[in-house]
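Student: Test case, fold it:
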Amino acid sequence: MGGYSSEYEISIKSGTIVHRHLNKKHFDSYRVCICPKKWVVLDELEKEHPIDKNDFSTTIMGKKLTFDFVFNVIHGAPGENGSILSYFDLLNIPYSSAPSYQMALTFNKRDCLSIAKNFGIKTATSYYLNKGASYKPKLILKKVGLPCFVKPNKAGSSFGISKVTNQQSFSTAIETAFKEDSEILIESFLDGIEVSVGVIQYKGEVLVLPITEIISENDFFDYEAKYKGKSKEITPAKISPTQKEKVSKAAKHLYQSLQMSGFSRSEFILIKDEPYFLEMNTVPGMTEESILPQQAKQAGISLEELLKDTVDRHFQ
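Tutor: Residues are numbered from 1 along each chain as shown. A predicted model of the protein is given here:
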């Protein structure tokens, strides 16, 4: 848990919840904080024990401790972008999320959207911009229209995202997004029903969880809406059987086409009966407020069962 991004605190909350719900009869679990300046294991008294990066071990009370499995709850870098997973691959330590390549691909919204289109999944009209590149607001806005969204290409929890309703605020939105990332994505506004679709591996099958409809009190599903109660999340979503079938099929198709594993939560906008793909989260939040645990509960899967199945799958 932890990480190097703006989602550090959310990841700590997620990691604490996962640690609490890993069945102590089956597993000895430890909280490992991957912090920008240190990697440490936190014991039950909150004392820190340094991680030896040579073999991802620690020493507690004079006894060396190595790990059989890593439950990856790092939102953002280096967990959700796959970089730390390459390190675990070198050490032959299995982990809960998809392989490093798939994680890097889905973390890059621009690349993920490009591949989704190739698999026949609808997306918003978009424009990509790199930091330092010159741009002409009028030409971009002519392509994507107003209102539009300006967002960092590689960031989560809606950090750095702005909804732009006029040309005057466009440059400010771009500056805000560039504070989070050196690449940004400018997308046309999709006016429809926002839904979040969880797809997981459970008991040997790829399972689409009950869909969540998101109704934000704010202008869009931003950080406040996600984590500070400024949204209404309805699970199962109040959508038509046709909408449910189409968006479930699209989410599962994308998960399998990208050769994903572990948990994913894909965001779509439904316009009439057609789902438009926004992004895929491969380390979804695991706090009490988080969507994926709510969806699993609705499907009759407790958090404890979900976590146990995830670990057990790698040792069967």
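Student: Show me the helices in the chain, by range?
Tutor: With helices called from DSSP state H, the chain shows them at 8-21, 83-90, 100-107, 109-118, 137-144, 170-178, 223-227, 241-257, 291-298, 303-312.
Student: wait, which of those helices is closest to residue 208?
Tutor: Closest approach to residue 208 among the helices of the chain (Cβ to Cβ): helix 241-257, 4.6 Å. C-beta coordinates here come from the backbone N, C-alpha and C atoms, glycine included.
Student: and the helices of the chain as JSON lines, adding mean neighbour count, distance to residue 199 and mean pLDDT?
Tutor: Output for the helices of the chain, formatted as JSON lines (neighbours: other Cβ atoms under 10 Å; distance: least, Cβ to Cβ, whole Å; pLDDT from 0 to 100):
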{"stretch": "helix 8-21", "mean neighbour count": "20", "distance to residue 199": "18", "mean pLDDT": "95"}
{"stretch": "helix 83-90", "mean neighbour count": "17", "distance to residue 199": "19", "mean pLDDT": "97"}
{"stretch": "helix 100-107", "mean neighbour count": "22", "distance to residue 199": "12", "mean pLDDT": "96"}
{"stretch": "helix 109-118", "mean neighbour count": "17", "distance to residue 199": "14", "mean pLDDT": "94"}
{"stretch": "helix 137-144", "mean neighbour count": "14", "distance to residue 199": "28", "mean pLDDT": "95"}
{"stretch": "helix 170-178", "mean neighbour count": "18", "distance to residue 199": "28", "mean pLDDT": "93"}
{"stretch": "helix 223-227", "mean neighbour count": "18", "distance to residue 199": "19", "mean pLDDT": "47"}
{"stretch": "helix 241-257", "mean neighbour count": "18", "distance to residue 199": "4", "mean pLDDT": "98"}
{"stretch": "helix 291-298", "mean neighbour count": "21", "distance to residue 199": "10", "mean pLDDT": "95"}
{"stretch": "helix 303-312", "mean neighbour count": "18", "distance to residue 199": "13", "mean pLDDT": "96"}
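Student: Quick one: closest of the ones you listed to residue 185.
Tutor: Closest of the helices of the chain to residue 185 is helix 109-118, at 5.4 Å (criterion: Cβ to Cβ).
Student: still on that earlier bit, closest one to residue 128 among the helices of the chain?
Tutor: Using Cβ to Cβ, the nearest of the helices of the chain to residue 128 is helix 109-118, at 5.4 Å.
Student: hang on, the earlier thing: for residue 277, find the nearest of the helices of the chain.
Tutor: helix 109-118 (5.0 Å).
Student: who's in contact with that closest one?
Tutor: 105-106, 123, 126, 128, 151, 153-154, 183, 185, 254, 257-258, 277, 279-280 (Cβ atoms under 8 Å, 6 or more residues apart in numbering).
Student: what's the answer for stretch 124-138, then?
Tutor: By Cβ under 8 Å, 6+ apart, stretch 124-138 touches 110, 113, 140, 143-145, 153, 167, 170-171, 174, 178, 182-190, 269, 276, 278.
Student: Please list all residues in contact with the residue minimising distance to the centre of the chain.
Tutor: Nearest to the geometric centre of the chain sits residue 281, at 2.6 Å (Cα atoms, centre = their mean). Residues in contact with residue 281 (Cβ under 8 Å, 6+ apart) are 80, 156, 264-267.
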